[in-house]
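Participant: let me see the structure of the following:
(one chain, ligands or ions: 2)
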Amino acid sequence: MDWWLTQLEWRVIDVRGVSKTFSFENQPTLALSPTDLKISTGSFVSLVGPSGCGKTTLLNMIAGLIEPTQGSIVQDDQIVSGINTRVGYMTQQDNLLPWRTTAENVAMPLLIQGHSMASAKHRVTEMLQRVGIERFANHFPSQLSGGMRKRASLAQVLVYDPQTILMDEPFGALDAQLKVSMQMQLLSLWENAGKTIVFVTHDLTEAILLSDQVVVFSGRPGQIKDIVSIDLPRPRDPIKGQFNTQFQMIYQNLWEMLAPDIARLAKVEAS
Ligand SMILES: Nc1ncnc2c1ncn2[C@@H]1O[C@H](COP(=O)(O)OP(=O)(O)O)[C@@H](O)[C@H]1O
Ligand SMILES: [Mg+2]
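Facilitator: Ligands and ions are numbered 1, 2, ... in the order given. Presented below is the predicted three-dimensional model:
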């Protein structure tokens, strides 16, 4: 086999028989059933499924923040053990420190690695420009809108150039227009940077318009129901893309897969 193909084959995130059981007040809860999943380098993969099916738990395990109960996660031929420094993680709640400016917050990962603010400055400015908030470099997080905070968090993840970016419902709380604008920006970043993105969302439209593959989880204990390849042409337009028949067929298929679990969840929550 060609050397380059061998490298591509090797460069994956390989989730091998990974499950997670949490214990709460001595009651074990299986949050994620044994799961196998391969995410190829450079792909955009979304995880969808009803609330509580273990999506965040899986991202936390890929990031090395928690350990699998069974199985292992291998990235680039190395087992993830402890904090995985090859991934950048945009968690659901941002980690911006209120007493630091946007630029200082974005610089934080570099400062932790031992760089000085002076040596980090150039890179930080470049990242702020890339996400379009360079004018807000000296503002504090409380002075930023929701969208700007998301951009600052993305810049904070991009600043140390991780190969893989994990994003947990990053645009969930944004209004519709802002969401589309963030999606466009993310797609263009991804197309230009060759990163792998693992993206958790509740929004099926968003999952289809952004992804190469959508991984559908069933309700708790989560397990993979199906992996749907999204063969819509790229570059994609998050607005016009929704009016295409192929998009609508994929949407309907995904919705039908998720509907029984969502209905079950509604019954449990009502009882
Ligand atoms: N630290 C924890 N301790 C106990 N249970 C947890 C913990 N984290 C998550 N869980 C449980 O694991 C299940 C999956 O949670 P999570 O991964 O957050 O789901 P999702 O992100 O798909 O909504 C839920 O039932 C949740 O209550
Ligand atoms: Mg979650």
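
Participant: give me the phi and psi for the closest residue to ligand 1 within the stretch 151-271 of the chain.
Facilitator: Of all residues in the stretch 151-271 of the chain, the one sitting closest to ligand 1 is R220 (5.4 Å; C-beta to the nearest ligand atom). All C-beta spots, glycine's among them, are computed from the backbone N, C-alpha and C. Main-chain torsions, R220, degrees, to the nearest 10: phi -60, psi 140.

Participant: so the nearest residue to it once chain neighbours are set aside, which of the three states?
Facilitator: Of all residues not flanking R220 in the chain, G52 sits nearest, at 4.8 Å (C-beta to C-beta, 6 or more residues apart in numbering). Classification of G52 by DSSP: H, G, I helix; E, B strand; the rest coil places it in coil.

Participant: for the closest residue in space to E104 that isn't next to it in sequence, give me its contacts.
Facilitator: Closest residue in space to E104, ignoring its immediate chain neighbours: M117 at 7.1 Å, by C-beta to C-beta, 6+ apart. Residues in contact with M117 (C-beta atoms under 8 Å, 6 or more residues apart in numbering) are 104, 107, 111.

Participant: also F22?
Facilitator: F22 touches 28-29, 31, counting by C-beta under 8 Å, 6+ apart.

Participant: what helix or strand does it sit in?
Facilitator: Taking DSSP states H and E as the criterion, F22 maps to strand 12-24.

Participant: just the C-alphas of that strand, formatted as PDB.
Facilitator: Presented in PDB, the C-alpha positions along strand 12-24 are these (Å, rounded to 0.1, in the frame of the first residue of the first chain):
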ATOM      1  CA  VAL A  12      -7.800   7.700  13.300                       C
ATOM      2  CA  ILE A  13      -9.600   8.000  16.600                       C
ATOM      3  CA  ASP A  14     -10.500   4.400  17.400                       C
ATOM      4  CA  VAL A  15     -13.100   3.800  20.100                       C
ATOM      5  CA  ARG A  16     -12.800   0.100  20.900                       C
ATOM      6  CA  GLY A  17     -15.500  -1.500  23.000                       C
ATOM      7  CA  VAL A  18     -15.800   1.500  25.200                       C
ATOM      8  CA  SER A  19     -18.400   1.600  27.900                       C
ATOM      9  CA  LYS A  20     -19.000   3.800  30.900                       C
ATOM     10  CA  THR A  21     -20.800   3.100  34.200                       C
ATOM     11  CA  PHE A  22     -21.200   5.900  36.700                       C
ATOM     12  CA  SER A  23     -21.900   5.200  40.300                       C
ATOM     13  CA  PHE A  24     -24.100   7.600  42.100                       C
END
